[in-house]
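Trainee: pasting the sequence and the predicted coordinates here, then a few questions.
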Amino acid sequence: MPNIVPMTKTGALTRRDPAMLALFKRTVGKHLIPSEVDEALVWTELYGANPWAKDLYFFVFDAKDEEKRRMVPVLGIGLYRKIAARSGNYRPDDRPARFTYDEELISAANPKGIVDCEVTVYRHAHGEWFPITERLRWEERAPIVEGAEWQWVDDPSGAIQTEGKWKGKPKRIRQKVPGSTGEPRLDPLKKNWHTMPETMLAKCVEAAAIRKGWPNETSGSYVDGELDKEDILDLTATEIIEQAEKQERFERIGGPNTLTIDWCDGNPLERVPAGKFYDRVDEFIGEHMQPGQEQAGAVLAWEQRNRHELKAFWALEKDAALKIKKRLEEVAAFEPKA
C-alpha cells in the first residue's frame, strides 16, 4: 500500500491556515491576481507543495493581455522526487545522469556538444524493482532560437532624458532585435542553459522518467526548465488552430523533419524528408564514385557545403547518419589509380 503523508507534514500551503494564505499573497504569490491565487491553492493542496521551499513556482504568461493571460504551475525537481517517494515504491537512480557528447555538434546552439542524456528511476512492484529509463536529446529541451532574438531593452516612455542621462527610471521591456548571425543559438535570456547545461537537461530527463513511472501523481505537470522551450506549453484553442495551419504548410513542403540540401548541380535548394535523406545521399555518392569516373572532390565539396544539415540529420537519425559518415570517410581516403 502506498504511504499516505498528511499535507501538514509536507509543509504544504492549505486553506486551513489563513495567516499563511495571506503571507503567500503578499510574498511569493504577489504577482497573481485573485482568481490565480485560488487556483494556486488548489495546486499546492493537490501536490502537497510548499511554495516557500521552492517546491512549486507559478509562471504567468501574457500578463498584460486579459484574454490570453494564463498561469502555469511549475514543479521543482525536488517536488517530483518527494511525490514519487510518498508512494513508498520509489528508488532514485544509483548512477549519475549519463550524457553523450559529440565535438562536431559544438555550436552556439549547443556549447558543449551534448547529444542526449539518460536517467533511470526504479519503481517497486510484484516483489521486485523495475527500471524506468528516459532519454532526451539536447534539442528536445534546450531553448534554441533562430534569427531575431528577444532581449531586455530600456523603454524611454515615462522617463526624461537630460544631458545624456535618464531622469527617472526607464522601464525595461522585451523586444525582438536582430541576432548577430542567422544560425541557431541558445536563447541568451536563459542563463542557466549557458552556465549549467548538463544540470538543466538532466533535470528535464529525470522529471520525464518520474512522470512515466508515476503518471497518476504527476501527469500534466512541468519541471522548472521545461518551460524554457516554449513549444512545451499546452496550447490554447487559437494556438491549436495556428499550429494545425502551420503543420499543413509544412506538409506542403515535405514535413517538419526535412533538410534543405544543395546538391551542387546548379538547381535550387531542395527540401528532403529525413526518412528519404540516406537513400538520396547514397545515390548521390554512388553516381559520383562510379569505377573509372570517380569524383571524390565533388563529393567532399558537397559535404562541406551541407555540413550543418548533415549535423541536423545526425540528431534525427543517428544510425543512418553514421553510415553516411562512413561513406564520406571512404571517399576522403580514396586515391585514384595511376
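Mentor: Everything's here; your move.
Trainee: for Ile144, give the beta-bridge partners.
Mentor: Ile144 has these beta-bridge partners by DSSP bridges: Leu186.
Trainee: surely it touches Ala109?
Mentor: Yes: applying C-beta atoms under 8 Å, one finds Ile144 in contact with Ala109, separated by 4.8 Å. All C-beta atoms are positioned from the backbone trio N, CA, C, and that covers glycine.
Trainee: what touches both of these two?
Mentor: Pro184, Arg185, Leu186 (C-beta atoms under 8 Å, 6 or more residues apart in numbering).
Trainee: and which of the residues you listed is nearest to Asp265?
Mentor: The shortest approach to Asp265 among the shared contacts of Ile144 and Ala109 belongs to Pro184, at 26.7 Å (C-beta to C-beta).
Trainee: ramachandran angles for the closest one?
Mentor: For Pro184, the backbone dihedrals are phi -60, psi 150 (criterion: degrees, to the nearest 10).
Trainee: for the spatially closest residue to it that is not a sequence neighbour, list the residues it contacts.
Mentor: If you skip the residues right next to it in sequence, Pro184 has Ala109 as its closest partner in space, 4.1 Å away by C-beta to C-beta, 6 or more residues apart in numbering. Under the criterion of C-beta under 8 Å, 6+ apart, the contact list for Ala109 reads Glu139, Ala142, Ile144, Glu183, Pro184, Arg185, Leu186.
Trainee: how many residues are close by Trp302?
Mentor: Using other C-beta atoms under 10 Å, Trp302 is surrounded by 23 other residues.
Trainee: just the buried members of the contacts of Ala109?
Mentor: The neighbour count (16 or more other C-beta atoms under 10 Å) marks Glu139, Ala142, Ile144, Pro184, Arg185, Leu186 as buried among the contacts of Ala109.
Trainee: pick the one among those residues closest to Ala97.
Mentor: Taking C-beta to C-beta as the measure, Ala97 lies nearest Ala142 of the buried ones among the contacts of Ala109, at 15.0 Å.
Trainee: run through the residues that contact the nearest residue to the closest one once chain neighbours are set aside.
Mentor: If you skip the residues right next to it in sequence, Ala142 has Trp193 as its closest partner in space, 5.9 Å away by C-beta to C-beta, 6+ apart. By C-beta under 8 Å, 6+ apart, the residues touching Trp193 are Ala142, Pro143, Leu186, Asp187, Met200, Asp228.
Trainee: look up which helix or strand Trp193 falls in, please.
Mentor: Trp193 belongs to helix 191-195 when elements are defined using DSSP states H and E.
Trainee: how about that helix: buried residues?
Mentor: For helix 191-195, the neighbour count (16+ other C-beta under 10 Å) marks Trp193 as buried.
Trainee: contacts made by the very next helix or strand once past it with the rest, please.
Mentor: Secondary structure here is assigned by DSSP H and E; on that basis, the next helix or strand after helix 191-195 toward the C-terminus is helix 197-213. The list of residues contacting helix 197-213 from outside it, by C-beta under 8 Å, 6+ apart, reads 75, 77, 80-81, 83-84, 90, 93, 97, 99, 111-112, 114, 117-121, 123, 132-136, 138, 141-142, 192-193, 218-219, 221-226, 228.
Trainee: show me these that map onto helices.
Mentor: Of the contacts of helix 197-213, the ones assigned to helices by DSSP state H are Ile77, Tyr80, Arg81, Ile83, Ala84, Trp138, Arg141, Asn192, Trp193, Thr218.
Trainee: filter the contacts of helix 197-213 to the buried ones?
Mentor: Burial of the contacts of helix 197-213 was assessed by neighbour count (16+ other C-beta under 10 Å); the buried members are 75, 77, 80-81, 83-84, 90, 93, 97, 99, 114, 117-121, 123, 132, 134, 136, 138, 141-142, 193, 218, 221-226, 228.
Trainee: what about the spatially closest residue to Arg137 that is not a sequence neighbour, distance to Ala207?
Mentor: Using C-beta to C-beta, 6+ apart and skipping the chain neighbours, the partner closest in space to Arg137 is Asp116 (4.6 Å). Distance from Asp116 to Ala207, counting by C-beta to C-beta, to the nearest Å: 15 Å.
Trainee: out of those two, which sits in the more crowded spot?
Mentor: The residue with more neighbours, out of Asp116 and Ala207, is Ala207; 26 against 19, by other C-beta under 10 Å.
Trainee: for Val115, see how far away Lys68 is.
Mentor: As for Lys68, its distance to Val115 is 36 Å (criterion: C-beta to C-beta).
Trainee: Glu128 now?
Mentor: Per C-beta to C-beta, Glu128 is found 32 Å from Val115.
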